[in-house]
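Engineer: Give the three-dimensional model of this entry:
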Amino acid sequence: MVVREDRKEQILEQAVGVFAELGYYKATTAMIAKAAGVTQPYVFHFFANKEELFKAVVDRAVRRIYETFIGVEAPADQLEETMGMAFIGIMNAHKGEILLVMQAHSISEPAIREHVRDKYRLIYEAVIAKFKQAALNNPEAAASQFMATGLLITLSEVLGLPELLHFK
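Structural biologist: Below is the predicted model of the structure:
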């Protein structure tokens, strides 16, 4: 069923754009269906509701981040920088998706907030594991710092304030 999966990916791709532009609350499944060139009932064929569609968009982006971080190979003294550059690469290639995920914590719907919390925890634990594998000092603190820097990079992008990135 390649065509079906292609359509599902097409819906997810368009959902990223609509959610990124309008936010979760203003975006509708009708808008996403129109952007994807399908009917709204067809969207519901794949996703039970808007919340499930949003969570699927988050899952796709988190999977991309997770697989990228896990796949980074670098000497211990270059690991954080290499992973940071990999994150910037993802952001450049999939900006809307990454910005959406990095802001998803602000949605107050309990099911979405819990889902996003679990996804952030997954990334955090993956970063810790990577740092432990490289025998970095205090991998938990390094992972927290690494994720904080990622959030700051995202905030800088969203607000158009590159001067926020003057650190180190």
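Engineer: residues of the strand or helix carrying Met102 that come out buried?
Structural biologist: Using DSSP states H and E, Met102 sits in helix 95-103. By neighbour count on 16 or more other Cβ atoms under 10 Å, the buried set for helix 95-103 is 96-103. Placement of C-beta: from N, CA and C, glycine included.
Engineer: Glu157 reaches Met91, doesn't it?
Structural biologist: Yes. Using Cβ atoms under 8 Å, Glu157 is in contact with Met91, at 6.9 Å.
Engineer: Now for those two: what residues contact both?
Structural biologist: Common neighbours of Glu157 and Met91, using Cβ atoms under 8 Å, 6 or more residues apart in numbering, are Leu99.
Engineer: so which of the buried residues of helix 95-103 would you say is closest to Val62?
Structural biologist: Each of those was checked against Val62 using Cβ to Cβ; the closest is Val101, at 6.2 Å.
Engineer: Got the confidence number for Gly17?
Structural biologist: Gly17 is assigned a predicted lDDT (pLDDT) of 91.
Engineer: ok, it - contacts?
Structural biologist: Per Cβ under 8 Å, 6+ apart, neighbours of Gly17: 35, 96.
Engineer: Can you tell me which helices and strands the helix or strand of the chain with the lowest mean pLDDT packs against?
Structural biologist: Here the helix or strand of the chain ranked lowest by mean pLDDT, DSSP states H and E is helix 95-103, holding a mean of 85. Where contact means 3 or more Cβ pairs under 8 Å, 6 or more residues apart in numbering; DSSP states H and E, helix 95-103 is packed against helix 2-26, helix 50-71, helix 79-93, helix 139-159.
Engineer: Tell me which residues are up against the second one.
Structural biologist: Meaning helix 50-71. Here helix 50-71 has contacts from 11-12, 15-16, 19, 24, 27-29, 32, 43, 46-47, 83, 86-87, 89-90, 94, 97-98, 100-101, 104, 107, 109, 111-112, 115-116, 119, 122-123, 126-127, 130, using Cβ under 8 Å, 6+ apart.
Engineer: Repeat the analysis, applying 6 Å as the threshold.
Structural biologist: Contact with helix 50-71 is made by 12, 15-16, 24, 29, 47, 83, 86, 90, 97, 101, 104, 115, 119, 123, 126, as judged by Cβ atoms under 6 Å, 6 or more residues apart in numbering.
Engineer: Could you check how far that helix is from the centre of its chain?
Structural biologist: Chain-centre distance of helix 50-71: 6 Å, with Cα atoms, centre = their mean, to the nearest Å.
Engineer: okay, the angle between it and helix 2-26?
Structural biologist: Here the directions of helix 50-71 and helix 2-26 differ by 110 degrees (axes from the mean of the first three to the mean of the last three Cα atoms, to 10 degrees).
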